[in-house]
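> the following comprises the amino acid sequence and a computationally predicted model.
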Amino acid sequence: MELRQYVSLLRKWLWLVVICTVVAGGTAYVVSKNSTPIYQASAILMVNQGASTTSADTAYADILTSERLAKTYARLLTSRPVLQETASRLGIDSEPLKEAVTVSSVRDTQLLEVSVEGPNPELLAQIGNVLPAVFIEQNQELLLGRMSESKASLEREIASVEADIARTQEALSAATDENQRIRLETSLAQYRSTYSNIVFSYQQIRLAEAQATDNIVVAEPAEVPLRPIRPRTMTNTLLAAVVGAMIAVGAAFLIEYLDDTIKTPDDVARVSGLSTLGAIARLKETGGTRQLVAWLQTKAPESEAYRTLRTNIQFSSVDKPVRSLMVTSAGPSEGKSTTAANLAVVMAQTGQRVVLVD
């Protein structure tokens with residue numbers, strides 16, 4: 001099919017393309033306008049891994065650990081205890097939060113984005129701010145709870161060693177024998193060494209607590225959204241209009257592909273392999289009778305078409321003049337008699353003797 005045929009086909013079915021485009025675009029516009037607007041509020045969290053106290057060379061490892069923690073926290077932020085506590089503080093049901101809250105980690109960063117979607121923008125902003133706060137509190141309680149037992153044990157040991165040091169010092173002050181004093185001084189040195197080690201361990205746990213409390217911070221709190229994220233009325237309308245136009249064009253090409261009727265001289269040549277001798281326009285009937293336009297309207301375009309047909313018939317067989325012609329068609333009332341009568345008239349006008357049998 002040539003380009004001009006495609007253009008002709010589109011012009012033929014332009015009305016269908018326009019109708020489908022308008023209907024699809026209008027439907028999408030109405031549906032989008034009547035849909036409940038959905039808003040989105042987002043908060044940004046930053047995950048900090050506590051700096052290593054051994055060497056600055058571990059900074060890169062700390063960053064990688066923070067990224068892995070971010071992925072872990074992204075899952076924990078939507079856990080059932082966090083959602084239930086958030087819903088309890090806001091006085092809402094926790095079930096809708098499962099579908100409304102999404103948490104994603106920003107690639108190659110230590111950031112988490114907490115997004116909440118729903119029809120109430122004020123409530124979304126509250127959820128976006130309360131949810132991280134609840135998670136931070138629960139995460140701190142979890143981390144500190146694991147260290148509280150160790151701290152309590154070390155505190156008991158410190159108190160016990162302090163008591164041993166105090167008793168040893170009293171005994172040393174009251175001792176008069178030199179050997180006894182040497183033994184007490186040795187014990188006192190051991191107690192003090194043990195005390196120093198225990199205090200050092202205790203300070204390490206306190207340092208770990210301090211690092212844990214600063215593990216997650218809110219980098220950007222959620223704000224009340226001013227515009228809905230969907231429905232996007234103009235985008236939906238344009239997309240629907242484009243899809244409608246594409247469907248109409250596809251339907252037009254399908255109809256033309258399935259249509260095997262002959263409409264043009266090119267169709268005749270393509271199907272039969274024969275050339276077309278002429279084309280006669282459809283004649284308008286007046287008063288219910290057929291017109292002999294070749295006799296009554298000799299200057300009409302239809303009369304000229306019949307004369308062209310006569311000439312083409314004569315030149316199609318120059319060596320052997322045509323003596324008889326049969327006019328037929330695939331169905332009734334397609335103009336066989338009209339064509340035969342007018343063709344007989346134009347042939348008679350050249351001086352030939354013509355007999356018409358209908």
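Perfect, I can see it now.

> and the pLDDT for R75?
According to the per-residue confidence, R75 scores 88 in pLDDT.

> for it, the count of nearby residues, please.
The criterion is other Cβ atoms under 10 Å. On that basis, R75 has 10 neighbouring residues. In short, each C-beta sits where N, CA and C put it, glycine included.

> OK, contacts around it?
Under the criterion of Cβ atoms under 8 Å, 6 or more residues apart in numbering, the contact partners of R75 comprise V103.

> in a helix, it, correct?
Yes: judged by DSSP: H, G, I helix; E, B strand; the rest coil, R75 forms part of a helix.

> the longest helix seen in the chain - contacts with which helices or strands?
Using DSSP state H to assign secondary structure, the helix with the most residues in the chain is helix 121-174. With contacts taken as 3 or more Cβ pairs under 8 Å, 6 or more residues apart in numbering; DSSP states H and E, helix 121-174 sits against strand 39-47, helix 59-76, helix 80-90, helix 95-100, strand 111-118, helix 178-213, strand 216-220.

> got those as CSV, with distance to K336 columns?
Conversion of the helices and strands packed on helix 121-174 to CSV gives the following (distance: least, Cβ to Cβ, whole Å):
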stretch, distance to K336
strand 39-47, 72
helix 59-76, 81
helix 80-90, 83
helix 95-100, 72
strand 111-118, 71
helix 178-213, 100
strand 216-220, 84
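
> mean pLDDT lowest for which of those?
For the helices and strands packed on helix 121-174, the bottom mean pLDDT is recorded on helix 59-76, which sits at a mean of 72.

> got the buried residues for the helix or strand where S303 lies?
Using DSSP states H and E, the secondary-structure element containing S303 is helix 301-316. Using 16 or more other Cβ atoms under 10 Å as the burial criterion, the residues of helix 301-316 that qualify are E302, S303, A305, Y306, R307, L309, R310, I313.

> kindly report the same for stretch 190-201.
Within stretch 190-201, judged by 16+ other Cβ under 10 Å, the buried ones are Y191, T194, Y195, I198, S201.

> how about stretch 329-345?
Buried residues in stretch 329-345, counting neighbours by 16+ other Cβ under 10 Å, are found at T338, T339, A340, A341, N342, L343, A344, V345.

> stretch 170-182 now?
By neighbour count, and taking 16+ other Cβ under 10 Å as the criterion, stretch 170-182 has no buried residues at all.

> show me the helices in the stretch 251-358 of the chain, by range?
265-272, 293-296, 301-316, 336-348 (DSSP state H, counting those that start in this stretch).

> any chance of JSON lines for those, columns mean pLDDT?
Below are the helices of the stretch 251-358 of the chain laid out as JSON lines (pLDDT from 0 to 100):
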{"stretch": "helix 265-272", "mean pLDDT": "79"}
{"stretch": "helix 293-296", "mean pLDDT": "82"}
{"stretch": "helix 301-316", "mean pLDDT": "86"}
{"stretch": "helix 336-348", "mean pLDDT": "88"}
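
> out of these, which is closest to A24?
Smallest distance to A24 across those (Cβ to Cβ): 32.3 Å, for helix 265-272.

> distance from the chain centre to that closest one, please.
When distances are taken as Cα atoms, centre = their mean, to the nearest Å, helix 265-272 is centred 48 Å away from the chain's centroid.

> what's it in contact with?
Here helix 265-272 has contacts from T261, I262, L274, S275, T276, A279, using Cβ under 8 Å, 6+ apart.

> which among those residues gets closest to P332?
Within the contacts of helix 265-272, proximity to P332 (Cβ to Cβ) peaks at T261, which comes in at 16.2 Å.

> contacting residues around the closest one?
T261 makes contacts with D267, as judged by Cβ under 8 Å, 6+ apart.

> tell me how far it lies from G335.
For T261, the distance to G335 under the criterion Cβ to Cβ, to the nearest Å works out to 16 Å.

> what about I44, neighbour count?
Under the neighbour criterion other Cβ under 10 Å, I44 is assigned a count of 17.

> do the same with V357
7.

> do A125 as well
By other Cβ under 10 Å, 20 other residues sit near A125.

> and it, what is it in contact with?
For A125, the contacting residues are A41, A222, E223, V224, P225, by Cβ under 8 Å, 6+ apart.

> right, and Y73 touches E113 too?
No: the pair formed by Y73 and E113 falls short of the contact definition of Cβ atoms under 8 Å, at 11.7 Å.
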